[in-house]
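> What follows is a predicted structure for the sequence shown.
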Amino acid sequence: MSRQNFAPQIPYGTRDFLPRDARRKREVETTIAGLFARWGYDEVVTPTFEYLDALTTGVGGDIQHNMFKFLDKNNRILALRPDMTAPIARVAATRLTQEEWPLRLFYLTNVFRYEQAQAGRQCEFYQAGVELMGSPGAGADAEIIALAAEAMLDAGLKQFQISLGQVEFINGIMDEYELGATERQQLKTCMVSRDLVGLSEMVAASRLCAASQQLLRDIPVLHGKREILKQAYTRVNNTVSRRALDNLSEIYCLLESYGVSEYVNFDLGLIRDFDYYTGMVFEGYTPGLGFPVCGGGRYDRMLAFFGMDCPATGFALGIERLLLAMERQGLKTVGDSRGIYVAWREGMLNAAIAAAGALRSQGHMVELALHAQSAAEAEAFRQRKRFARLIYCE
Amino acid sequence: MTSSDMNYLTIALPKGKLFAPAAGLLAQAGYTAAGLKEDSRKLVLVNEESKTKFIITKTSDLPTYVEYGAADIGIIGKDVLLEENKDVYELLDLKFGLCRMMMAVPAGLRREKLTDYTHMRVATKYPHTAEQFFYSAGMQMEIIKLNGSIELAPIVGLAEVIVDLVETGRTLKENNLVEIAQIHSSTARFIANRVSYKMKFARINALVERLKTLIESEKLQ
C-alpha cells in the first residue's frame, strides 16, 4: 500500500499546528494573556462541551444550526461551545455571585462552529477575549475597546481600524417610524446580510416619507469621525437614538484619553452576527484580511437569562486571523530562531549534559545531541537546523 | 500581492456577458486599465496612475474573491449572489444584464399545477437556488448539477425539468421548452468585501455615488 493511501485524514474544518505555527500561536497567546492580566482580568476555563440549553441561553436561535451536537448517556443534548460569551455569563451569574463585582474575566481557548471554513477560521478556532460584567457605563465600554486596540498593538499589528456602532441607534429609528414586526425583520435581514439593494427596495415599497426613507438608506454609509455623530443627531427625532449617539460620543472621549481614538471610526450601520448585543458594538479590521480580526460589544440582557440581571460588555479576538494577517503584512513574529546546539565527542556526554544544564539555567533554549558527533558533523547539523550557536564538548 | 496594500483598490470583473458593460461603466466612472479586455492574457492589470488593479474571474468564483478580500469590490449578477450566498456587501443595482431565473419543461410534459412536477429530476447550474425554490413551494425534487448546456438534459432524458437563466427565451423556444415559473429576476450588482468597505470607505463610497449618477443619467436618456 502506498503511503499516500495510508495517510489518515483529519475532519473538515480542523487543522494541525505544526511546530513553527504552534510556536507563533503560543507567543501571541502569551502576549495577549499577559496584557489582559495587566489590565486586571482573571482567566476562567469552562468545559469544552456543555448542555445545549446552557450554550443557547440568551444567544438567539441561529447559532444553534452551527453547533456540533451529540448525546450523553441519558440522551440529553450536548454541544461543543460555539462562543465563550454564554459560558462566561453562566459562570459569572451562577458561580461568582459572592465575589466583589464588577467582574473582569478573560479566556483563551478553542471554540467550534459547524460552518463553511473561512480565511483564518476553521470549524475549530482559537479566541482570546474578555468580559467586563457589572457596569452599565461608557467607562466599561471604552476600557473594552481600548483593550482590544492594545491587544492588536501588543501582538504586533501596526495598521488596523476599529469600527464603532450602537445597536440602539437603529432600534430607536425603527420605533420612531413605528415599523411593524415584519418590516423590522425584513430591515434586519437586509442589514445582517449586507444587502443594501434589498434594503433600498424594501424602503421604497414602504409608506414612509421621503426623509425617513433616505435616512434608512443612509444608515450603512453613516461612517466617519465625530462629524458623523452630529450629522446623525440632527436626522433623528427620538430619545433612544440620540442617547445611543451620546453614548458613542462619551465612549470616544474616553478613548482619546486611552490614546487609541486614532484607530476608531464611527459606523452607525455596523451589524454583528450575534443577536445578544444591546449597546455599543465594534469590529477590528486590518489590511489583507477580508474578515474582522476582532469584535465585541455590550450585552446587558444575557446574564438575566442565567438568573442575574446585570449589564456586561466584552470582545473576542481570533488568534488564527491575527496570525494570518501578520504573515500577510510581512510582520515577523519571533519564533523562527532556534537556540543553542550542544554536541559532544565520544565519551563526553556527561560534560555535555552539564554544559546544557548551565545554559538552560541561564534561560537559553538548548538542544542536546543524542549521539556522538565530530565537530564538522555537529556544525553541519547546526546549520541545517538553524541553531544560532554550537557548543562542542571535546 | 494581495489587497493588503491599502493604497490600491482591487476590482474583480466576471468573464462572460457582464464583462463588457461592467468594464464600460467603470471606465465612464474613471476606473480602467490599459489592456483591460475579457480575453486578457495578464491575470492582474494595474493602473498605477489611479492606483487600481483589475482581476478577471470565472463568474461563479467572483463572490469568493470578494468575500475573502482578494478583491475589494466587484460586479456580478444577482443570480450568482443568490446561488453562492457569500458574505459580501451588495451596494448597488447597476440595472444592466437583466435576466430571469426560470423553471422550464419540454412542452409535452406540461402539467396543470406546479406541484404536479414533484419528484421529477431537475437539471441546473444553480442547485442551491433550485433547491430553495422547490423547498419553499413544498416540493421534493431530485436535483442534478450540470455545468452548462442545461437544455440538453431533457432532450436526452437526463432530467424532466430544468432551472436556468433566461435572457430572451429564444434558447428555450428553439429546444421546445416552455416556461413554468419565474424564480427570480436578476441584474448586475456592485459588491464589496466587508472589511474593504470599512477600511477603504471613502474611495468605495465615492465610486458608488458616481455609479449611481451614471445609472440615473442613463435612465433619463
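Sure, I can see it.

> Spit out the contact partners of A:Leu216.
The neighbourhood of A:Leu216, defined by CB atoms under 8 Å, 6 or more residues apart in numbering or on different chains, consists of A:173, A:177, A:187, A:199, A:203, A:208. Quick note: C-beta positions are derived from backbone N, CA and C, even for glycine.

> Pull the contacting residues for the closest residue in space to the fourth one that isn't next to it in sequence.
Right, A:Leu199. Nearest residue to A:Leu199, sequence neighbours excluded (CB to CB, 6 or more residues apart in numbering or on different chains): A:Cys190, at 4.0 Å. By CB under 8 Å, 6+ apart, A:Cys190 lies in contact with A:196, A:198-199, A:202.

> which residue sits closest to the residue nearest the centre of chain B, ignoring its sequence neighbours?
By CA atoms, centre = their mean, the mean C-alpha position of chain B lies nearest to B:Gly77, the distance being 2.4 Å. Counting by CB to CB, 6+ apart, B:Ser186 is the residue found nearest to B:Gly77 once chain neighbours are left out, at 5.2 Å.

> quick one: A:Gln329 and chain B, what's the gap?
Between A:Gln329 and chain B the computed distance is 6 Å (CB to the nearest CB, to the nearest Å).

> My reading is that B:Leu45 lies in a helix. Confirm?
No. Counting by DSSP: H, G, I helix; E, B strand; the rest coil, B:Leu45 is not found in a helix; it is strand.

> Measure how buried it is and give me the count.
B:Leu45: 19 surrounding residues under other CB atoms under 10 Å in any protein chain shown.

> So what sits opposite it in the bridge?
Beta-bridge partners of B:Leu45, counted by DSSP bridges, are B:Phe54.

> Dump the strand or helix carrying A:Ile353 to CSV, keeping only the CA atoms.
Using DSSP states H and E, A:Ile353 sits within helix A:349-361. This file holds the C-alpha atoms of helix A:349-361, laid out as CSV (Å, rounded to 0.1, in the frame of the first residue of the first chain):
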residue,chain,number,x,y,z
LEU,A,349,28.1,13.1,27.1
ASN,A,350,28.4,13.8,30.9
ALA,A,351,30.2,17.1,30.2
ALA,A,352,27.7,18.0,27.6
ILE,A,353,24.8,17.4,30.0
ALA,A,354,26.4,19.7,32.5
ALA,A,355,27.0,22.4,29.8
ALA,A,356,23.4,22.2,28.6
GLY,A,357,22.1,22.4,32.1
ALA,A,358,24.2,25.5,32.8
LEU,A,359,23.0,27.2,29.7
ARG,A,360,19.3,26.3,30.3
SER,A,361,19.5,27.7,33.8
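
> Which residue ranges make up each domain of the chain?
Using chain A here. A:19-328, A:337-393 (automatic domain parsing).

> wait, chain B
Split by automatic domain parsing, chain B gives B:3-97+B:187-220, B:99-184.

> so which of these gets nearest A:Pro82?
Nearest to A:Pro82 among the domains of chain B is domain B:3-97+B:187-220 (17.1 Å), distances taken as CB to CB.

> quick one, helices of chain B?
B:19-28, B:62-67, B:78-84, B:127-136, B:152-155, B:170-174, B:196-199, B:201-220 (DSSP state H).

> quick revisit: can you tell me which of the contacts of A:Leu216 comes closest to B:Thr10?
A:Leu199 (25.3 Å).

> gap between that closest one and A:Leu52?
34 Å (CB to CB, to the nearest Å).

> Among those two, which residue is more densely surrounded?
Taking other CB under 10 Å, A:Leu199 and A:Leu52 do not tie; A:Leu199 has more neighbours (22 against 16).

> could you list every residue that touches that one?
Contact analysis of A:Leu199 by CB under 8 Å, 6+ apart lists A:187, A:190-191, A:216-217, A:220.

> Pipe the helices of chain B into TSV and attach mean neighbour count, distance to chain A and mean pLDDT per row.
As requested, the helices of chain B are arranged in TSV below (neighbours: other CB atoms under 10 Å in any protein chain shown; distance: least, CB to the nearest CB, whole Å; pLDDT from 0 to 100):
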stretch	mean neighbour count	distance to chain A	mean pLDDT
helix B:19-28	17	16	95
helix B:62-67	24	6	96
helix B:78-84	21	8	95
helix B:127-136	17	13	96
helix B:152-155	18	28	94
helix B:170-174	13	27	91
helix B:196-199	24	5	94
helix B:201-220	14	5	91
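
> Reformat those helices as JSON lines; add distance to A:Gly295.
Below are those laid out as JSON lines (distance: least, CB to CB, whole Å):
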{"stretch": "helix B:19-28", "distance to A:Gly295": "32"}
{"stretch": "helix B:62-67", "distance to A:Gly295": "17"}
{"stretch": "helix B:78-84", "distance to A:Gly295": "24"}
{"stretch": "helix B:127-136", "distance to A:Gly295": "28"}
{"stretch": "helix B:152-155", "distance to A:Gly295": "45"}
{"stretch": "helix B:170-174", "distance to A:Gly295": "46"}
{"stretch": "helix B:196-199", "distance to A:Gly295": "12"}
{"stretch": "helix B:201-220", "distance to A:Gly295": "17"}
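
> which phi and psi does the residue lying farthest from the centre of chain B have?
The C-alpha centroid of chain B is most remote from B:Glu112, which lies 31.6 Å away (CA atoms, centre = their mean). Main-chain dihedrals, B:Glu112, degrees, to the nearest 10: phi -70, psi -50.

> residue ranges for the helices of the stretch 101-250 of chain A, please.
Applying DSSP state H, counting those that start in this stretch to the stretch 101-250 of chain A gives helices spanning A:138-155, A:167-176, A:181-192, A:196-204, A:210-218, A:226-235, A:239-258.

> can you state the direction angle for the fourth one and helix A:210-218?
Angular relation of helix A:196-204 and helix A:210-218 on a 0 to 180 degree scale: 160 degrees, by axes from the mean of the first three to the mean of the last three CA atoms, to 10 degrees.

> Would you mark the buried spots in helix A:196-204?
For helix A:196-204, burial by neighbour count (16 or more other CB atoms under 10 Å in any protein chain shown) applies to A:196-200, A:202-203.

> re earlier: looking at the residue nearest to the centre of chain B now. What's its pLDDT?
The model reports B:Gly77 with a pLDDT of 97.

> can you pull up the bridge partners for it?
B:Ala188.

> where in chain A is pLDDT low?
Residues of chain A that meet the criterion pLDDT under 70 lie in A:1-5, A:61, A:332-337.

> For it, which residues are neighbours of chain B?
A:118-119, A:159, A:161, A:163, A:193-198, A:200, A:220-221, A:223-224, A:265, A:267, A:283, A:285, A:287-292, A:328-329 (CB under 8 Å from any CB of the partner chain).

> Those residues, buried ones only, as a ChimeraX selection?
Buried members of those, defined by 16+ other CB under 10 Å, are picked up in ChimeraX with:
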select /A:119,159,161,163,193,194,195,196,197,198,200,220,221,223,224,265,267,283,285,287,288,289,290,291,292,328,329
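
> Sweet, I'm off.
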